[in-house]
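K.L.:
what follows is a predicted protein model with its sequence.
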Amino acid sequence: MTTNKEPLCDVVEKSATPTATAKPNTDVNLHHSDLYINRELSLLAFHRRVLAQAKDETLPLLERLRFICIASTNLDEFFEVRVSGLKQQADFGSTQAGPDNLAPSKVLERISVAAHDFVNEQYRLLNECILPELEKEDIYFIKRDQWSHETHEWVRQYFEDELLPILSPIGLDPAHPFPQILNKSLNFIVSLEGKDAFGRDSGLAIVQAPRSLPRVIQLPDEYSEHAYEFIFLSSIMHAYVGDLFPGMKVTGCYQFRLTRNSDLFVDEEEVDDLLRALEGELPSRRYGDSVRLEVADNCPDHMVQFLMRQFKLEERDIFQVNGPVNLNRLMAVPDMVNRPDLQYPSFTPSLPQGLGRNLFSSIRDGDILLHHPFNSFTPVIDFIKQAAADPRVLAIKQTLYRTGAGSVLVDALVEAAKAGKEVTVIVELRARFDEADNIRLANRLQEAGAHIVYGVVGYKTHAKMIMVVRREDRKLRRYVHLGTGNYHARTARIYTDYGLMTCDEEIGEDVHKMFMQLTTLGRGAQLKKMLQSPFTLHKGLLERIEREANFAKQGKPARIMAKMNALTQPHIIRALYQASMAGVKIDLIIRGICCLRPGIEGISDNIHVRSIVGRFLEHTRCFYFYNDDNSEVYCASADWMDRNLLKRVEECYPVENPKLKAEVINGLELYLKDNAQSWELDKDGQYARVLPPSGEEPLSAQQTFLETLGENN
């Protein structure tokens with residue numbers, strides 16, 4: 001997967017003005033399973049593309065290490081949520097299949113093969129590529145057989161001072177049954193010879209590593225022979241585990257890590273208080289059903305089998321690894337090493353031209369489009385801060401899905417509420433893995449006097465909206481911010497997203513109606529410009545795709561470009577197939593899951609799909625429809641998935657200003673020309689890396705945006 005493919009030329013040379021070639025075929029069964037890629041296997045393929053960044057020698061070395069960690073974290077969540085859900089379905093005997101017609105048990109079989117291959121590649125890259133390259137840069141991870149006498153002394157002291165006082169080894173016998181193992185925690189199974197002080201001779205013990213201690217420890221300079229030397233906590237445990245069992249002999253010590261089902265279930269129809277119900281449910285995430293066991297590859301088979309029985313797992317759930325069982329803990333290393341030459345160059349996000357100190361005045365002068373992380377997130381924060389301090393502002397309404405602990409944006413909302421503004425915040429308590437943070441911020445906002453709503457029963461509120469109501473010239477004006485990404489200052493530095501700031505009356509009225517719908521639970525009025533899930537977005541997309549198909553059938557130019565995180569929705573996929581068969585030229589830029597098969601002759605040969613994987617996580621959702629030379633451009637919080645289009649509250653907003661519309665279109669075309677960080681999907685569901693033609697310089701869309709929008713240091 002390292003060479004260009006013939007269809008690439010068609011992708012990168014297109015312009016926004018298409019030429020249609022209609023070839024309708026009404027006999028094709030667009031429900032046939034062969035036309036759909038399995039959702040879970042497509043997601044695993046994305047994780048594989050992330051891992052591939054680690055072997056890209058054009059990237060800075062510490063960033064390659066970081067990509068191994070990101071891939072590890074991604075795989076954790078994949079097992080915690082996706083695999084655990086499939087296991088539950090299989091255990092209940094479910095044979096229900098998706099559009100690809102693969103039953104849960106069959107998907108699990110394929111996942112096991114692909115995931116084991118993934119993990120083997122992950123550790124091969126770490127051991128054979130990254131660690132040797134780091135040593136060339138005088139950065140070492142010291143194994144026990146490499147410790148000097150001085151290192152041994154320091155490590156022993158560390159063990160006695162930091163570890164020994166808080167460890168609680170558990171010898172296994174009828175009075176000391178196998179302990180509960182926390183989700184994703186580091187543990188050791190220890191084999192012993194001899195009897196303890198009470199005459200017990202179980203032969204096995206479990207030692208749980210303290211969660212409060214770092215998994216990677218940097219040796220002090222005076223004990224280091226190199227610029228940087230690191231030791232794994234697991235190595236320290238192995239070296240001195242014998243001290244935990246006086247009078248007995250340790251014959252083996254092997255690390256292991258258990259992944260559990262981390263999806264929370266709360267029956268929203270049966271609870272009176274969603275916040276309290278979630279608070280009660282959160283602790284169970286640590287002890288959900290077992291899903292995966294990672295264990296050292298030198299662990300004897302009988303001990304692996306023992307662990308497997310304890311956790312009620314099968315052979316396919318066992319991953320024996322050559323290295324630390326928790327690679328994502330290496331994520332701390334790049335921040336511990338002061339080597340800017342081994343990391344991405346720093347950059348300063350810019351401010352859009354014409355953005356003045358008074359945001360309300362700037363927005364009145366014309367819509368503002370922010371393209372993060374190349375444009376700063378500061379204007380979004382200042383929007384709330386200025387609203388909080390402005391005596392003419394009467395009300396602020398906002399949705400919060402993920403915002404992070406210690407959010408300055410929440411600080412501003414608190415100040416606004418304390419200042420007597422009418423502050424209403426829709427807090428989505430069920431944002432996976434952010435439930436605890438969202439509960440805390442909801443309580444904090446409520447204590448400050450804000451009105452807190454927890455969304456709609458049965459529908460996650462995923463929309464990204466802020467509305468500020470300001471009195472001007474004896475009337476009220478609405479200022480809004482609409483985004484494709486979360487109101488999270490940290491992720492705004494590493495995710496690509498669009499945000500629109502406008503005081504357009506009709507968009508402001510649409511946003512007002514959406515907030516009224518979320519707070520009153522009344523039937524929503526018809527929106528004038530925006531599309532909304534779960535009511536009009538799915539239908540609106542289908543209508544626009546069909547419209548392009550009708551233009552193509554009339555022999556007119558027809559074109560669709562769309563960028564998103566995932567495409568799984570069957571009706572949308574079938575509509576795209578029909579549009580392709582009619583002759584519509586379709587370019588999809590899909591970061592992660594894609595269940596559509598491009599390039600099938602007579603069905604999807606007018607569809608090209610590519611994925612961009614680079615320094616920043618591609619998160620923008622934007623859609624372009626040629627519309628008979630009267631182009632429409634939309635940005636949205638929603639991907640083209642069932643959950644986003646039918647089971648969530650999402651917003652989709654038009655970009656109407658001609659200059660800003662051109663920016664979005666040009667951005668889409670730039671991604672289609674990327675031959676540095678781009679992967680192309682074929683009809684067999686395989687991704688191939690796109691390479692620049694011989695003799696040409698690579699073109700990276702993200703780097704181009706940095707150079708044209710950012711302020712590089």
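P.N.:
Nice, thanks for sending it over. Residues are numbered from 1 along each chain as shown.

K.L.:
okay, now the domains of this structure?
P.N.:
Split into domains by automatic domain parsing, the chain comes to 8-30+533-712, 131-342, 348-526.

K.L.:
what's the closest non-adjacent residue to residue 210?
P.N.:
Nearest non-adjacent residue to residue 210, counting by CB to CB, 6 or more residues apart in numbering: residue 166, 5.1 Å away. Placement of C-beta: from N, CA and C, glycine included.

K.L.:
quick revisit: quick one: which of the domains of the chain is nearest residue 73?
P.N.:
Ranking the domains of the chain by proximity to residue 73 (CB to CB) places domain 131-342 first, at 4.5 Å.

K.L.:
just how off-centre is that closest one within its chain?
P.N.:
For domain 131-342, the separation from the chain centroid amounts to 25 Å (computed by CA atoms, centre = their mean, to the nearest Å).

K.L.:
low-confidence stretches in the stretch 251-400 of the chain?
P.N.:
263-287 (pLDDT under 70).

K.L.:
can you give me the helices for it?
P.N.:
274-281, 301-310, 333-336, 359-365, 378-389 (DSSP state H, counting those that start in this stretch).

K.L.:
you'd agree residue 611 is in a strand?
P.N.:
Yes - under DSSP: H, G, I helix; E, B strand; the rest coil, residue 611 falls within a strand.

K.L.:
what comes up buried for the helix ranked longest in the chain?
P.N.:
Scanning the chain for the longest helix, with DSSP state H as the assignment, gives helix 104-124. Buried positions in helix 104-124, judged by neighbour count with 16 or more other CB atoms under 10 Å: 104, 106-108, 111-112, 114-115, 118-119, 121-123.

K.L.:
what's the first helix or strand after it?
P.N.:
helix 131-136 (DSSP states H and E).

K.L.:
buried ones in that following helix, by neighbour count?
P.N.:
residue 134.

K.L.:
hmm, who's touching that helix?
P.N.:
61, 64-65, 140-141 (CB atoms under 8 Å, 6 or more residues apart in numbering).

K.L.:
scan these and report the most crowded one.
P.N.:
residue 65 (27 neighbours; other CB atoms under 10 Å).

K.L.:
check contacts around that one.
P.N.:
54, 130, 134, 330, 333-334.

K.L.:
likewise residue 342?
P.N.:
60-63, 137, 334.

K.L.:
so which of these is the closest to residue 34?
P.N.:
Using CB to CB, those come closest to residue 34 at residue 63, 38.8 Å.

K.L.:
what's the neighbour count on that closest one?
P.N.:
With other CB under 10 Å as criterion, residue 63 counts 17.

K.L.:
re earlier: closest to residue 307 out of the contacts of residue 342?
P.N.:
residue 334 (32.3 Å).

K.L.:
hang on, that closest one packs against residue 61?
P.N.:
No - using CB atoms under 8 Å, residue 334 is not in contact with residue 61, being 9.3 Å away.

K.L.:
mind listing the strands for the stretch 401-550 of the chain?
P.N.:
422-427, 451-453, 460-461, 465-472, 475-483, 495-502, 531-533 (DSSP state E, counting those that start in this stretch).

K.L.:
the residue nearest to residue 497 when sequence neighbours are not counted: neighbour count?
P.N.:
Among residues not flanking residue 497 along the chain, residue 485 sits closest, at 3.2 Å (CB to CB, 6+ apart). By other CB under 10 Å, 23 other residues sit near residue 485.

K.L.:
how about residue 96?
P.N.:
Neighbour tally, residue 96, other CB under 10 Å: 8.

K.L.:
SS state for it?
P.N.:
Per three-state DSSP, residue 96 ends up coil.

K.L.:
contacting residues for it?
P.N.:
89, 103-104.

K.L.:
redo those residues as TSV? Include pLDDT and distance to residue 441.
P.N.:
Putting the contacts of residue 96 into TSV (pLDDT from 0 to 100; distance: CB to CB, whole Å) gives the following:
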residue	pLDDT	distance to residue 441
89	87	34
103	91	41
104	91	36
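
K.L.:
for the buried residues of helix 104-124, work out which two are farthest apart.
P.N.:
The span of these, defined through CB to CB, is set by 104 and 123 at 28.1 Å.

K.L.:
give me the neighbour count for residue 147.
P.N.:
19.

K.L.:
ok, now how distant is it from residue 134?
P.N.:
18 Å (CB to CB, to the nearest Å).

K.L.:
which helix or strand contains the closest residue to residue 219 other than its chain neighbours?
P.N.:
Leaving out its chain neighbours, the residue that sits closest to residue 219 by CB to CB, 6+ apart is residue 229, at 4.3 Å. Residue 229 is located in strand 228-232, with elements delineated by DSSP H and E.

K.L.:
packing partners for that strand?
P.N.:
In this structure, strand 228-232 packs against strand 139-141, helix 149-158, strand 216-218, helix 333-336, with contacts taken as 3 or more CB pairs under 8 Å, 6 or more residues apart in numbering; DSSP states H and E.

K.L.:
spatially nearest residue to residue 708 (excluding sequence neighbours)?
P.N.:
Nearest one to residue 708, counting by CB to CB, 6+ apart, is residue 374 at 7.9 Å.

K.L.:
identify the residues contacting the one you found.
P.N.:
Counting by CB under 8 Å, 6+ apart, residue 374 has contacts 349-350, 496, 705-706, 708-710.

K.L.:
most neighbours among these, which one?
P.N.:
In the contacts of residue 374, the most neighbours by other CB under 10 Å go to residue 496, 26 neighbours.

K.L.:
roughly how far does that one sit from residue 638?
P.N.:
For residue 496 relative to residue 638 (CB to CB), the value is 16 Å.

K.L.:
residue 156 now?
P.N.:
56 Å.

K.L.:
cool, and residue 344?
P.N.:
For residue 344 relative to residue 638 (CB to CB), the value is 30 Å.

K.L.:
those two: which has the busier surroundings?
P.N.:
More neighbours surround residue 638 than the other of residue 344 and residue 638, with 26 against 15 (other CB under 10 Å).

K.L.:
let me see the contact set for the more buried one.
P.N.:
462, 533, 537, 621, 644-645, 648, 650-652.

K.L.:
could you do residue 645 as well?
P.N.:
533-534, 537-538, 541, 569, 572, 638.

K.L.:
now, the most widely separated pair of those?
P.N.:
The span of those, defined through CB to CB, is set by 534 and 572 at 14.2 Å.

K.L.:
give me the more crowded residue out of the two.
P.N.:
For residue 534 versus residue 572, neighbours defined as other CB under 10 Å are more numerous around residue 572 (21 against 18).

K.L.:
got a list of what the more buried one touches?
P.N.:
Here residue 572 is in contact with 538, 541-542, 545, 640, 645 (CB under 8 Å, 6+ apart).

K.L.:
helix, strand, or coil at residue 577?
P.N.:
Residue 577 - assigned by three-state DSSP - is helix.

K.L.:
ok, the residue nearest to residue 219 touching residue 142?
P.N.:
Yes - applying CB under 8 Å, one finds residue 229 in contact with residue 142, separated by 5.4 Å.

K.L.:
mutual contacts of the two, please.
P.N.:
With CB under 8 Å, 6+ apart as the test, residue 229 and residue 142 both reach 151, 219.
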